[in-house]
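S.K.: Sequence and predicted structure are below.
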Number of protein chains: 2
Amino acid sequence: MGASPLGSWNDGPARRAIVAYVTSTADERSPDFVPPADRIAVFDNDGTLWVEKPAPVQTGFVLGKLAERVAADPALAREQPYRALAERDESFLRALDAQEPDAVESMVRAVGAAWEGTPFGAYEAQAARYLASWRHERFGVPATGLVYRPMLELFDYLRAHGWRLFVCSGGGRDFMRVICEDTWGLPRENVIGSAPEFAWRDGTLVRRATPHGPIALGPGKPEYVLARTGRLPRLAAGNDDVDVEMLRSAPFALLVVHDDAEREYAYTDGAARAQSAARRYGWTTVSVKHDWKTVLTPPHTQEEPSAPGQ
Amino acid sequence: MGASPLGSWNDGPARRAIVAYVTSTADERSPDFVPPADRIAVFDNDGTLWVEKPAPVQTGFVLGKLAERVAADPALAREQPYRALAERDESFLRALDAQEPDAVESMVRAVGAAWEGTPFGAYEAQAARYLASWRHERFGVPATGLVYRPMLELFDYLRAHGWRLFVCSGGGRDFMRVICEDTWGLPRENVIGSAPEFAWRDGTLVRRATPHGPIALGPGKPEYVLARTGRLPRLAAGNDDVDVEMLRSAPFALLVVHDDAEREYAYTDGAARAQSAARRYGWTTVSVKHDWKTVLTPPHTQEEPSAPGQ
């Protein structure tokens, strides 16, 4: 471990709680000791590991693809979610943001259909091209520049104490996997997210329209973590209501609170239930404004992914 | 790495092919060089990592549970697979062994129903109790004594060259996870297998009757490997027909051939298609009789699993 772990964290209650818990879990004499095999930490992505405002990075990738589909088949514009997107229907976008089941389901269906039959390598190449040109509208940085430096330092700190790290996001698993290695230092197999099943077509594995299991949102998060790791997490970090179940499944939970309009964004939408759960269950809240000395990470250029598989 | 890697392997064509491939993949000047992130090796379990005759270790666990269900509800004995099991219907067992879809599907349904509603920790405890008392009818050893020592050495050899290892078996994921850490030195998240979805009940995650995705057999194996790791494997090892698609998905494939009636078993049932594929695609065959100096691993006692989760 470096001389100054968690160097971007102010010496406040959040940093102290993290250090106390993580060091205890590695101390066999502590009642909080966690056997090495059980040291599983899970992190939400949008709003927990990187900036999610004004919209999550993946949003433009999906909306661009759906717009292409409508251009190719204008009849689609009569159905949801295409109609709402074509009409810039703010109420639909708000429903989506609030994870309302009908809106989410129509998007899941549309996303499934949009990439149905796409070989997995072609999907990754599309995602990598999108990320290579994408810039944040306010900060002007590529997506990798939106990553919170304190969270990357937390990754290092946990790894130094023998933890295994997983990202568990409702976002697209195969989208995040394009950046996970260079940006988070996590192998692809440590990324859990919403994903399609695959099918064989002409000797290649292609994406199917059907999702692979439940969406990694709400109760789906701990379900996925258990299915993937055979354990529930001992540390979980999130920032909004769809993280509540995952945070409840861990004995130590971090809730990122977005309260810094100057260096990031200040908002509570989508997080009311999470903030009340934090008080009720004694979670450690992380204030962007007060707990973080530095917020963003200097960006690096995202390279095109190497050819997957053979 | 120890002084004598792969010490239980005779200096024959299989060992030489393994050493040549694995050292090339770590050599940047070699055309077979594999970037570290892509060094994914996958292994079937029954018949590849341990003895699967006269029946796979898990078989008695499943049949015992199904017999309990029939005892509790005798009407079940009129349905498949319960009827076939009650009548010791050899043709059904052969169909199951040959992975015939109807037989497999009825078993998948019965297994799903048998443990529906069981909390994941209770399932593990049942599996651990079964393994603690189970002994091989011929060798008299516990299940962990059936593991092929040469394959554990291959694990070590691959790890020493920067490979990440996964087991991908049609067997029960959560059954294998009880032994994976002590026996294979693999964390639970590196075990891929057939598994149920989970559901929340009374604040606990319990097994559902529905399988989580396809079964990890045949084309399901590389589908699962890709879904889990974001890559296709660069090395795959198997021993029978349900491994063919996984072996075809890797540039280097090992097929274990069971030809040693004295130290293990000699059989080709369920492996005809695999052996013909080995000739056609130039896979490396591993003869138990000729390639392995030592076959089995001295057993260790399987301890009850520690309490999962919190």
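M.R.: All right, it came through fine.
S.K.: Looking at the stretch 1-150 of chain A, what residue ends up closest to chain B?
M.R.: Residue nearest to chain B within the stretch 1-150 of chain A: A:Ala37 (5.8 Å; Cβ to the nearest Cβ). Every C-beta, even on glycine, is put in place using the N, C-alpha and C of the backbone.
S.K.: Could you report the neighbour count for that residue?
M.R.: 16 (other Cβ atoms under 10 Å in any protein chain shown).
S.K.: Please verify my assumption that it contacts B:Pro187.
M.R.: Yes. Counting by Cβ atoms under 8 Å, A:Ala37 does reach B:Pro187; the two are 6.7 Å apart.
S.K.: what residues does the stretch 101-250 of chain A put near chain B?
M.R.: Within the stretch 101-250 of chain A, the positions adjacent to chain B are A:120, A:164, A:166, A:173-174, A:177, A:181, A:187-191, A:195, A:197-200, A:205, A:212-214, A:219, A:222-223, A:226-232, A:234, A:245, A:249-250 by Cβ under 8 Å from any Cβ of the partner chain.
S.K.: quick one, phi/psi of the residue lying closest to A:Gly117 once chain neighbours are set aside?
M.R.: Nearest non-adjacent residue to A:Gly117, counting by Cβ to Cβ, 6 or more residues apart in numbering or on different chains: A:Val206, 5.1 Å away. Main-chain dihedrals, A:Val206, degrees, to the nearest 10: phi -120, psi 160.
S.K.: circling back: list the residues that are in contact with both of A:Ala37 and B:Pro187.
M.R.: Common contacts of A:Ala37 and B:Pro187 (Cβ atoms under 8 Å, 6 or more residues apart in numbering or on different chains): B:Glu181.
S.K.: low-confidence ranges in the stretch 151-300 of chain A?
M.R.: A:213-214, A:300 (pLDDT under 70).
S.K.: ok, which stretches of it are strands?
M.R.: Here the stretch 151-300 of chain A has its strands, by DSSP state E, counting those that start in this stretch, at A:164-172, A:191-194, A:196-201, A:204-211, A:235-238, A:252-257, A:284-287.
S.K.: and the residues of the stretch 101-250 of chain A next to chain B, which of them are in helices?
M.R.: A:Phe120, A:Arg173, A:Asp174, A:Pro222, A:Glu223, A:Leu226, A:Ala227, A:Arg228, A:Thr229, A:Glu245 (DSSP state H).
S.K.: List buried residues within these.
M.R.: A:Phe120, A:Arg173, A:Asp174, A:Pro222, A:Glu223, A:Leu226, A:Ala227, A:Arg228, A:Thr229, A:Glu245 (16 or more other Cβ atoms under 10 Å in any protein chain shown).
S.K.: Looking at the ones in helices among the residues of the stretch 101-250 of chain A next to chain B, spot the one nearest A:Gly7.
M.R.: A:Thr229 (29.1 Å; Cβ to Cβ).
S.K.: residues contacting A:Pro196?
M.R.: A:Gly112, A:Trp115, A:Glu116, A:Arg207, A:Arg208, A:Ala209, A:Thr210, A:Pro211, A:His212.
S.K.: again, only using 10 Å
M.R.: Applying Cβ atoms under 10 Å, 6 or more residues apart in numbering or on different chains, we find A:Pro196 in contact with A:108, A:111-112, A:115-116, A:118, A:120, A:123, A:172-174, A:206-212, B:227.
S.K.: what do you get for A:Arg273?
M.R.: Applying Cβ under 10 Å, 6+ apart, the residues contacting A:Arg273 are A:Asp240, A:Asp241, A:Val242, A:Asp243, A:Val244.
S.K.: still on that earlier bit, write the PyMOL selection for whichever of the residues of the stretch 101-250 of chain A next to chain B are buried.
M.R.: Here is the PyMOL command that selects the buried residues among these (16+ other Cβ under 10 Å):
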select buried, chain A and resi 120+164+166+173+174+177+181+187+188+189+190+191+195+197+198+199+205+212+213+214+219+222+223+226+227+228+229+230+231+232+234+245+249+250
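S.K.: mind checking pLDDT for the most centrally placed residue in chain A?
M.R.: When Cα atoms, centre = their mean is applied to chain A, the residue found nearest the centroid is A:Asn45 (2.0 Å). pLDDT recorded at A:Asn45 is 98.
S.K.: Equivalent analysis for A:Leu131, please.
M.R.: 97.
S.K.: close enough to count as contact, A:Gln131 and A:Leu146?
M.R.: Actually, residue A:131 is Leu. It isn't Gln. No. Between A:Leu131 and A:Leu146 there is no contact under Cβ atoms under 10 Å: 11.2 Å.
S.K.: joint contacts of the two?
M.R.: Common neighbours of A:Leu131 and A:Leu146 (Cβ under 10 Å, 6+ apart) are A:Val57, A:Thr183.
S.K.: buried ones in the top helix by length along chain A?
M.R.: Under DSSP H, the helix in chain A containing the largest number of residues is helix A:57-72. Within helix A:57-72, the residues scored as buried using 16+ other Cβ under 10 Å are A:Val57, A:Gln58, A:Thr59, A:Phe61, A:Val62, A:Lys65, A:Leu66, A:Val70.
S.K.: Report the angle between that helix and strand A:164-172.
M.R.: Put simply, helix A:57-72 runs at 30 degrees to strand A:164-172, going by axes from the mean of the first three to the mean of the last three Cα atoms, to 10 degrees.
S.K.: about what we covered before: specify which member of the contacts of A:Arg273 is nearest to chain B.
M.R.: A:Val244 (12.4 Å).
S.K.: list the contacts for A:Ala86?
M.R.: A:Leu66, A:Ala67, A:Val70, A:Pro74, A:Leu76, A:Ala77, A:Arg78.
S.K.: how much space between it and A:Gln80?
M.R.: As judged by Cβ to Cβ, to the nearest Å, A:Ala86 and A:Gln80 stand 10 Å apart.
S.K.: again, but for A:Phe139
M.R.: 32 Å.
S.K.: Just the closest residue of the stretch 51-200 of chain A to chain B, please.
M.R.: A:Arg188 (3.2 Å).
S.K.: was I right about that residue contacting A:Cys180?
M.R.: Yes. With contact defined as Cβ under 10 Å, A:Arg188 and A:Cys180 form a contacting pair (5.9 Å).
S.K.: possible to save the buried ones among the ones in helices among the residues of the stretch 101-250 of chain A next to chain B as CSV with distance to B:Gln275?
M.R.: CSV is the format used below for these (distance: Cβ to Cβ, whole Å):
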residue, distance to B:Gln275
A:Phe120, 30
A:Arg173, 36
A:Asp174, 35
A:Pro222, 43
A:Glu223, 40
A:Leu226, 38
A:Ala227, 34
A:Arg228, 34
A:Thr229, 36
A:Glu245, 48
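S.K.: Between which two of the residues you listed is the distance greatest?
M.R.: A:Phe120 and A:Glu245 (28.8 Å).
S.K.: Quick check: the farthest pair among the contacts of A:Ala86?
M.R.: A:Ala67 and A:Arg78 (15.1 Å).
S.K.: Which two of the buried residues of helix A:57-72 have the greatest separation?
M.R.: That would be A:Val57 and A:Val70, which, of the buried residues of helix A:57-72, are the farthest apart (Cβ to Cβ) at 22.0 Å.
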